[in-house]
Structure formats: structure tokens, C-alpha cells
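Engineer: Need coordinates for the following:
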Amino acid sequence: MKGIKHFWAIALMALLMTGAVLPAQEKSPEIPAAPPVSAPAPAAPALELDPALQRIIDMDNEAQAKADIWIREHEELNKEKPFQDDTLPMRIRDRLDSVEKAYQDYLFSHSENMEARLAYASFLMDTGKDNEAAKEWLRLKETHPGHPVLLNNLGNYFAQKGDAPEAFPYYEEAMASAPREALYVKNLASVVYVFREEAMAYYRLKPQQALLLAQALYRKALLLKPDDFITHTALAQTWYYLTPFEPEKALADWKKAYELASDDSERQGILLHYARVAILSGKFDEAEKQLEEITYAKHQELKKTLLQNLNERRKLAQEKSASDSPAPSQAKPESAEPVPLP
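Structural biologist: Coordinates of the predicted model:
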């Protein structure tokens, strides 16, 4: 079954260089217990899809892959000089419309086929028809109330709409239906992290506790899927928002992410965080050495931001050191003896 694109991986990476300082709280929250599910979906053996449906899913994947290629090619042309391809939107729309019609024709004679409806809803979500996708999932939920895929997808839908309180219970139910599936735990962690104020109200937490809850959920997801690079980076991000900042723990999590990086670009992305942790720890020379290793063009903007941050903090540290030192005229030689009064 074709997967669904998730918005929070992008949302989390967008928080790369930001971070609010939150007041510290002492108690770490427990992972919330998921409510009971009236009809959990039983584990079923893997079944082959109807070949006709499989052909449509393959057609769907090929169409979206082709659209991505066209878009990338258009972006590359625009790097050289301004280029406008007026046919691009029409070509993409025509390709996707043919896929949508194939799904609809299949569903006309297979209206109760759950795999087909899930695939169709996934297609709708991927192509920006979120509300239509949600209608499909809500319809299926009436007959499959404990199906974790449906519950997770509905959580995704409400999270993307910014309605986190509506999303939280869907993820909790998905976790209860499939307790060994890391994806649902990670998704809840990400929504708690991105929508911290809503999580505070929903779970009755203080600011610091909402972050600790996100951390606990990320760690639970990693117990289920230890080699998930995105989850490791998301967990490491949380340290920037906790006070007091704990550089050793933050660096330990970034090092675990570094070990799972798939290429040099991802590894350099982690080195940016090594530098950021060093800056926050006052280790300016170490941070400078880390930033010297950053060569990929995609990381240059963040590198520039960190260098500016480094220079500002180094200057402030030097000014503070100078102000804390006594002026030469006020300093007394250590060996000076008191002068006796006449």
C-alpha cells in the first residue's frame, strides 16, 4: 500500500535554528494512556491485492513520481535563468486526473473494498484534496472503528489542519490498536512537540512537561524502531527548548543521529548541530572548527546564521570578561605590603 506523506518531518526541520527558552519544571509526565478501542483490528496475514487495483496503485505511484521529476526539472531550469513553462500545471493535472478516474471507476464496482478506498484516500491526500480524503477515512471508520491506519491518517489530517486536540485521540487509538508500530508513536510525539501549547491544555501539562512528554514518546518510538534517523533528529531537537540546557545529553542524541545518517549531506547537517551545541556551551573555538567542515551549498545559510551567532556570543563573553576584571589602576599587586602610617 502506498504511503502517505507526513508534514511534521518538514515542520521539525523548519525549527532547526529556532528555540524558545521555557521555564524549568521538575516532574516528567507519563506517556498518556490510550483510550480503549471498541473493535481493534485483528492482525491478518498479508494478502495479495486485486491485480486490477495493484495496476492503479502502480499507475498512481508512477504519476506522482513523474510529476516530481517535472517539477525538479523546472526548478533546475529556473536556476540558470527565469523560465516559465505554462504547460507544466496542465501536464501534471492531466496525469493525476487519469489516476483519479481509474480509482473512481474501480470503486464504482468495488465500493466496499477497503484497500481500494485507503489507496484512493491516500492519493487524494497526496494531491492536496485533504477534505475529500478525510471523508473517505471517516466513512471507513464507521465499519472499521479500530483500524490503526485509518486512525493514524485521521490524526494526520487534523494535525495538518492545525487542530491538534482533535488529532491527539486518533493517534492514541492507533497506538492502542497497533502497540508495536513505531510510526503512530512518532506521529503523536511530533504533534505534541510542534503543538506544545495545545498539548499542554489537552494533557494538563506545564510547558517543560510537554517537551518531556514529546521526548518520552520519541524514545518509545525508538525502542520499536531504533534505526529511524528522523526520530533520532527530532528527539535531539527537543533539547534546545528545555531549560537548563544540557549539552552533554543533547550531543549524545545528535551523535546517535550522526551514526544513522545516510550520506555526507545529512552528516554535515548534524555537524551544524554539533556546532550549535558548542556555541550554547561557550566552546567557541570548537564550534568554529565544526563549521569549517560544512561545504554543502544547502547548509550554507544555516552555517552563516551560526557563525553570526558564534561571533555575537564570543563578543559578549569577551566584554563580560573585561567588565568583570578590575581596572589596572584598581588592581593591587599580590606581593604588596601595607604601608605603615607615619
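
Engineer: Every contact and neighbour count from this point should use C-alpha atoms.
Structural biologist: Fine.

Engineer: residues in contact with the helix or strand harbouring Q268?
Structural biologist: Using DSSP states H and E, Q268 sits in helix 264-280. Outside helix 264-280, the residues that touch it by Cα atoms under 8 Å, 6 or more residues apart in numbering are 247, 250-251, 254, 257-258, 261, 284, 286-288, 290-291, 293-296, 299, 302-303, 306, 309-310, 313.

Engineer: how about 7 Å then?
Structural biologist: With contacts defined as Cα atoms under 7 Å, 6 or more residues apart in numbering, helix 264-280 is touched by 247, 251, 254, 258, 261, 284, 286-287, 290-291, 294, 296, 299, 303, 306, 310.

Engineer: what pLDDT, on average, does the helix or strand just after that helix get?
Structural biologist: Downstream of helix 264-280, the next assigned helix or strand under DSSP H and E is helix 284-292. For helix 284-292, the mean pLDDT works out to 95.

Engineer: Run the chain-centre distance for helix 284-292.
Structural biologist: Its chain's C-alpha centre lies 26 Å from the corresponding centre of helix 284-292 when counted by Cα atoms, centre = their mean, to the nearest Å.

Engineer: if we can go back for a sec, out of the contacts of helix 264-280, which one sits closest to E166?
Structural biologist: The closest of the contacts of helix 264-280 to E166 turns out to be W254 (Cα to Cα; 31.8 Å).

Engineer: need the contact list for that closest one.
Structural biologist: 233, 236, 270.

Engineer: any idea of the angle the helix or strand harbouring it forms with helix 264-280?
Structural biologist: Element membership of W254, judged by DSSP H and E, is helix 247-260. For helix 247-260 against helix 264-280, the angle by axes from the mean of the first three to the mean of the last three Cα atoms, to 10 degrees is 170 degrees.

Engineer: Buried among the contacts of W254? Make that a ChimeraX selection.
Structural biologist: Buried residues among the contacts of W254 (16 or more other Cα atoms under 10 Å), as a ChimeraX selection:
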select :233,236,270
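
Engineer: Turn the contacts of W254 into CSV, columns for distance to V185 and pLDDT.
Structural biologist: Converted to CSV, these look like this (distance: Cα to Cα, whole Å; pLDDT from 0 to 100):
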residue, distance to V185, pLDDT
T233, 15, 96
A236, 16, 97
I270, 24, 96
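
Engineer: can I get the contacts of W254 in JSON lines with distance to A65?
Structural biologist: Listed next are the contacts of W254 as JSON lines, based on distance: Cα to Cα, whole Å:
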{"residue": "T233", "distance to A65": "27"}
{"residue": "A236", "distance to A65": "31"}
{"residue": "I270", "distance to A65": "28"}
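
Engineer: Counting neighbours, which of the contacts of helix 264-280 end up buried?
Structural biologist: Among these, those that count as buried by neighbour count (16+ other Cα under 10 Å) are 247, 251, 254, 258, 261, 284, 287, 290-291, 294, 303, 306, 310.

Engineer: now the longest helix anywhere in the chain, how far from the centre of its chain.
Structural biologist: If you go by DSSP state H, the chain has its longest helix at helix 51-80. Using Cα atoms, centre = their mean, the distance from the centre of helix 51-80 to the centre of the chain it belongs to is 24 Å.

Engineer: Any buried residues in it, and which?
Structural biologist: Within helix 51-80, the residues that count as buried by 16+ other Cα under 10 Å are 53-54, 56-57, 59-61, 63-64, 67, 70, 74.

Engineer: hmm, back to that, tilt between the helix holding Q268 and helix 284-292?
Structural biologist: 160 degrees.

Engineer: Now do the buried residues in helix 264-280.
Structural biologist: 265-280.

Engineer: now, which of those residues sits nearest K129?
Structural biologist: Out of the buried residues of helix 264-280, the member with the shortest distance to K129 (by Cα to Cα) is E266, at 31.7 Å.

Engineer: Helices of the stretch 1-150 of the chain, residue ranges please.
Structural biologist: Ranges of helices in the stretch 1-150 of the chain, per DSSP state H, counting those that start in this stretch, are 8-14, 51-80, 88-109, 114-126, 130-143, 148-160.

Engineer: how about those helices, which one is nearest Q208?
Structural biologist: Closest to Q208 of these, according to Cα to Cα: helix 8-14, at 17.9 Å.

Engineer: Report the separation between L212 and L242.
Structural biologist: 8 Å (Cα to Cα, to the nearest Å).

Engineer: neighbour-wise, which of the two wins?
Structural biologist: Relative neighbour count places L212 above the other of L212 and L242, with 24 against 21, counting by other Cα atoms under 10 Å.

Engineer: Okay, buried residues for the strand or helix carrying the more buried one please.
Structural biologist: Here L212 sits within helix 207-224, counting by DSSP H and E. Under the neighbour-count criterion of 16+ other Cα under 10 Å, helix 207-224 has 207-222 buried.

Engineer: Stretch 238-258 too?
Structural biologist: 238-242, 245, 247, 250-251, 253-258.

Engineer: swap in stretch 131-145?
Structural biologist: Neighbour-count burial for stretch 131-145, counted by 16+ other Cα under 10 Å, picks out 133-134, 136-138, 140-141, 144-145.
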